[in-house]
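# one predicted model, sequence on top.
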Amino acid sequence: MREHALDSIRNIGIMAHIDAGKTTTSERILFFTGKIRKEGEVHDGAATMDWMVQEQERGITITSAATTVFWKGAMINVIDTPGHVDFTVEVERSLRVLDGAVAVFCAKGGVEPQSETVWRQAERYGVPRIAFVNKMDVEGANFLRVVDMMHSHLKANAHPIELPIGSAKEFRGLIDLVSMKAIMFNEDGDRDPQPPIDIPDDLKEYADKYRSELVEAVCDLDDDLMEKYLMEEPISEQEIKAAIRKGVIANKFVPVLCGTAFRNRGILKLLDAIVEYLPSPADIGETKGVDPKDSEKVLVRKCQDDEPFSALAFKIMTDQYGKLVFTRVYSGVVKVGDVILNANKDKKDRVMRILRMHANERKDIEELRAGDIGVIVGLKEVTTGNTLCDPRHPIAFGQITFAEPVVRQAIEPRTKASKDKMVYAFERLAEEDPTFRTYVDKETGQTIIAGMGELHLEIIVDRLKREFKVEADIGSPQVSYRERLVKAVTVEGRQVKQSGGKGQFAQAKVVFTPLAPGSGVTYQSHIVGGVITREYTEATKKGIDDARFNGNYGYEVLDFDADIVDGAMHEVDSSEMAFKIAGADAFRQAIQQAGTILLEPTMAVDVTVPEANIGDAISSIGLRHGKVRGQENENGIYLIHADVPLREMFGYAQALRTATSGRGSFMMTFKCFDPLPEEAKKKLFF
């Protein structure tokens, strides 16, 4: 039996640039809805939603936390997301399943770098938003400047539905532009709400100006209202609210509110706006997917309880009780004991428990219904982005895409016990965080951890030590260089040991020819003199192939052709092993006689920055001896394509953020091996 009507549910996220007051806003939402009895403060390490030790110590949000609150008959599932760029994966997967979001902006800082990043993520997923300009009590607060920045930086159709009365120490009230009433704050703010009053005479002109702009903007969203506006007929408060809601749901309008969460001012009006303007699951309607066995066959699930069950696993957490799968239900009902299908892996699992989360606290419930967000326990092989569904009605929703890790570090366990713990820890951490990767470099033997930034890896290492008791040393990974032959040479490889009894005899003349970059290694056998059987030519090739991984500088030699043209064998003393040794001997002679040049990996780097930071980004590439190949512009956001040596990319994430005031981001992939400049070679080897 459904406890809460579908149209009364709000699945929302709180998103912002780091330090805009996002978690404090979440705390006040919990307090004023009665979820907690005392407000927790971020700076005291007491915020309910920042429950990880690392979050409390640093005063930042690292992982998205979920909770459920109730306001004026609505059930609001709230997810507080991180603001730091290293943890945008948390924002990405949250936005994938949310119906709406509250974008929090600092009244002084305005639209800051990570604000742009999360706004673009919300645009990509089509998530409707309302904006809350926080920190109206700080020196330098300027509400209208923030609204202007939303127009210029975000290209948002943003309009105030509230105006602040005063700012900084003088921030003492709000003007509600929809009801055209004023709300004055006393020292306790929303803890002691005052009834609305008429707008003071000295503020009427100020209010009338922005009320007219708001009415004109909402009339653009509704033909009937536009007709009334042109006929100069009165437009009611309810008509304005309905038009705002319609515009928000259609992603064509962003209402802007203001307040100061820390001083409990403006939160009650924000809660009202969440319920009045952000969509319910019923407003979102149907969700499209495909048949798991036929990706061309499109399937649809309506957000109704009587539809087949379908859901998306958007976050994984593991603790001493097992794997917690954070799930958004799009259709149907799932109950404890049900068997459900993981459509991506074609595996069935039984639902052992269902939980309603409040940060890291949990409450057992019996079922989740269409539109709900909750946690399912008992699913063994689920990973982030998997579709869960009724086994009789399989469907697969689009996977969540995650950026590739860009920062890497070497890590070595200090003891064998730590090594065993580290393997287990890596499995759990990678399960929770799709942007965390680990692998062993085959050439250096180092264990490498990779993530989205220095802070990301710092948190990973901290968790390894605290949660998993892993003692390890952290360093920087080594670049794997390569070598290439300078010229063609002809050499004769030999293995001759004959001193009575069975000996070893093999001779092979080989022509080594350098090939164009990227050609790979090829082998031929054009015997023009002497006799070597096919069996022995193959052994010679094997000897060359084994030896080529240790060139003049100790690195793999690339792009050459080895042609066996002559040789000799003995009917008793020759063997495959002897010719294998002769092949290796031929290769060693070849690299000494021909010489090799040292090659370094070059990375294809794509840097994304706003227009104002193009110069900084290009400069940062030049400082690292990179070459810009071109650039693209889309709505004021530039994508710069460049080639940069891998040896120059360590530490680039932090350098780019510094150079662009945090506005830049990048991705890199391997492109090719290029000759290592002599100057860099001297630094490395001499």
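Happy to help now that I have it.
# what sits against T383?
Shown in contact with T383 (Cβ atoms under 8 Å, 6 or more residues apart in numbering): A313, I316, E431, P434. In short, each C-beta sits where N, CA and C put it, glycine included.
# what helices or strands is the helix or strand hosting the second one leaning on?
Under the criterion DSSP states H and E, the helix or strand holding I316 is strand 310-319. Under the contact definition 3 or more Cβ pairs under 8 Å, 6 or more residues apart in numbering; DSSP states H and E, strand 310-319 sits against helix 88-95, strand 322-331, strand 387-389, helix 416-432.
# show me where the stretch 351-500 of the chain dips below the pLDDT cut-off.
358-361, 400-407, 442-443, 453-454, 476-478, 499-500 (pLDDT under 70).
# next one: the stretch 551-686 of the chain
634-635, 685-686.
# look up phi and psi at V334.
phi -120, psi 130 (degrees, to the nearest 10).
# any idea how far it lies from G73?
Noted for V334: a distance of 25 Å to G73, by Cβ to Cβ, to the nearest Å.
# repeat that for L6.
For L6 relative to G73 (Cβ to Cβ), the value is 13 Å.
# next: Y424.
In terms of Cβ to Cβ, Y424 sits 46 Å off from G73.
# how about I240: what's its closest non-neighbour residue?
With sequence-adjacent residues excluded and distances taken as Cβ to Cβ, 6 or more residues apart in numbering, I240 is closest to V178, at 5.3 Å.
# number of nearby residues for the one you found?
Neighbour count for V178, taken as other Cβ atoms under 10 Å: 19.
# can you pull the contacts of it?
V178 sits in contact with I161, L214, E237, I240, K241, I244, where contact means Cβ under 8 Å, 6+ apart.
# tell me the buried residues in the longest helix that the chain contains?
The longest helix of the chain (DSSP state H) is helix 576-594. The neighbour-count check on helix 576-594 (16 or more other Cβ atoms under 10 Å) flags 578-591, 594 as buried.
# go on, stretch 605-622?
For stretch 605-622, by 16+ other Cβ under 10 Å, it's 605-610, 613-614, 616-618, 620-621.
# which other residues reach that stretch?
116, 153, 626-628, 631, 633, 636-644, 649, 652, 655-656, 659-661, 663-668.
# can you tell me which of these are buried?
Here, 16+ other Cβ under 10 Å leaves 116, 153, 626, 628, 631, 638, 640, 642-644, 649, 652, 655-656, 659-660, 663-666, 668 buried among the contacts of stretch 605-622.
# take those residues and keep only those in strands.
Among the buried ones among the contacts of stretch 605-622, DSSP state E puts V628, Q631, Y638, I640, A642, D643, V644, S665, F666, M668 in strands.
# what's near enough to touch R211?
L177, M180.
# can you give me phi and psi for it?
Here R211 shows phi and psi, under degrees, to the nearest 10, equal to phi -70, psi -40.
# mind checking how far it is from V254?
17 Å.
# please apply the same query to K419.
From K419 to V254 the distance is 52 Å (Cβ to Cβ).
# likewise for P394?
38 Å.
# neighbour count: the two, which is higher?
V254 (24 against 20).
# my guess is the more buried one contacts V127. True?
No - here V254 does not reach V127: they are 11.4 Å apart, not a contact under Cβ atoms under 8 Å.
# quick one: which of L6 and G73 has more around it?
Remark: of L6 and G73, L6 carries more neighbours, 17 against 9, as counted by other Cβ under 10 Å.
# in what helix or strand does the nearest residue to that one once chain neighbours are set aside lie?
Leaving aside its sequence neighbours, L6 sits nearest to A282 (Cβ to Cβ, 6+ apart; 4.5 Å). Secondary structure from DSSP H and E places A282 in helix 281-284.
# just the pLDDT for the residue nearest to L6.
Per-residue pLDDT puts A282 at 93.
# that one: neighbour count?
17.
# got the contact list for the spatially closest residue to K169 that is not a sequence neighbour?
Leaving out its chain neighbours, the residue that sits closest to K169 by Cβ to Cβ, 6+ apart is D137, at 7.1 Å. By Cβ under 8 Å, 6+ apart, the contact list for D137 reads S167, A168, K169, F171, T260, F262, R263, R265.
# recalculate using a threshold of 6 Å.
F171, T260, R263 (Cβ atoms under 6 Å, 6 or more residues apart in numbering).
# for V290, which non-adjacent residue is spatially closest?
A396 (5.5 Å).
# so what's that neighbour up against?
G289, V290, P292, A343, T387.
# now find how far off-centre the helix or strand harbouring I448 is within its chain.
Take DSSP H and E as the rule and I448 turns out to sit in strand 447-451. Averaging C-alpha positions (Cα atoms, centre = their mean, to the nearest Å) puts strand 447-451 16 Å from its chain's average.
# what do you get for stretch 208-219?
With Cα atoms, centre = their mean, you get 38 Å for stretch 208-219.
# can you tell me how far F253 is from E116?
The spacing between F253 and E116, counted by Cβ to Cβ, is 19 Å.
# with P517 instead?
Counting by Cβ to Cβ - P517 and E116 are separated by 39 Å.
# again, but for V146
Counting by Cβ to Cβ - V146 and E116 are separated by 13 Å.
# same deal with E213?
24 Å.
# now swap in Y277 and tell me
Counting by Cβ to Cβ, the gap from Y277 to E116 is 23 Å.
# what mean pLDDT does stretch 108-123 get?
81.
# what comes up buried for that stretch?
Under 16+ other Cβ under 10 Å, the buried positions of stretch 108-123 are 108-119, 121-123.
# ok, the longest strand anywhere in the chain: who's next to it in the sheet?
In the chain, ranked by residue count with DSSP E as the criterion, the top strand is strand 596-610. As defined by DSSP bridges, the strand partners of strand 596-610 come to strand 482-485 (antiparallel), strand 637-645 (antiparallel), strand 665-675 (antiparallel).
# do you know which of the ones you listed lies nearest V382?
Smallest distance to V382 across these (Cβ to Cβ): 26.7 Å, for strand 665-675.
# contact partners of that closest one?
E404, R482, I597, L599, P601, T602, M603, A604, V605, D606, V607, T608.
# out of the residues you listed, what pair is the most spread apart?
That would be I597 and T608, which, of these, are the farthest apart (Cβ to Cβ) at 34.3 Å.
# pLDDT below threshold where in the stretch 1-150 of the chain?
18, 37-65, 80-91, 93, 113-114.
# so which strand or helix has R124?
Per DSSP H and E: helix 113-125 holds R124.
# next one: L144
Per DSSP H and E: helix 143-154 holds L144.
# count the neighbours of the closest residue to N344 other than its chain neighbours for me.
Of all residues not flanking N344 in the chain, N386 sits nearest, at 4.6 Å (Cβ to Cβ, 6+ apart). By the criterion of other Cβ under 10 Å, N386 has 25 neighbours.
# many thanks, have a good one.
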